[in-house]
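Asker: got a predicted structure plus its sequence, pasted below:
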Amino acid sequence: MNEAKGKLRWLGRGILAVMLGSACFSVYLDIQRRFVSPGAIEATRRFVSTDQTLADAGRAGPVGLQFLNCDGGTRQFAYFRAVYDLYPLPVVIANDEVVVFDGAQIPSGIVHSGEWWRQHGVKTIVTVDQARHSWEAESIPLRNRGA
């Protein structure tokens, strides 16, 4: 009988600890939501906008990315975000010889012609312009934008 009472006591203490922990966690989340989250919410808005642009671009098929006025960090973010969002669709940035491990390996300022994109099976290109803070999608057939 004493053994059963001991187990019930431990069970009661465990339930009390879980309830107390849950209350503390709830207060913590409320503090985060009220005081910390405004910056996080703004960052999330940027992700939502980027993800929507990529999702819209990917509806037609493979997507090409080109970068104007972008540093390595922006190129890396854009490329990895596109690969994550569009999987299993391919994301084309350059010829097959280019291997990407970080943003420095991603070509910037190269604007391919519409024919080049078509040869690589791209249906839509997304141009990332850091200076203008923009992500713009354009469907194939493309205007000739350069060689």
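Answerer: Perfect, thanks for sending it. Numbers count the residues shown, from 1 in each chain.
Asker: strands of the chain, start to end?
Answerer: Counting by DSSP state E, the chain has strands at residues 63-68, 91-92, 124-129, 134-139.
Asker: and the average pLDDT for the shortest one is what?
Answerer: For strand 91-92, mean pLDDT is 86.
Asker: same deal with stretch 9-25?
Answerer: 78.
Asker: could you report the neighbour count for Tyr117?
Answerer: Actually, residue 117 is Trp. It isn't Tyr. Neighbours of Trp117 under the rule other CB atoms under 10 Å: 23. All C-beta atoms are positioned from the backbone trio N, CA, C, and that covers glycine.
Asker: hang on, I meant Val98
Answerer: Other residues close to Val98 by other CB under 10 Å number 11.
Asker: so how far is Leu16 from it?
Answerer: Noted for Val98: a distance of 59 Å to Leu16, by CB to CB, to the nearest Å.
Asker: can you check Val122 too?
Answerer: Noted for Val122: a distance of 60 Å to Leu16, by CB to CB.
Asker: those two: who's more crowded?
Answerer: Comparing Val122 with Leu16 by other CB under 10 Å, the one with more neighbours is Val122, at 25 against 10.
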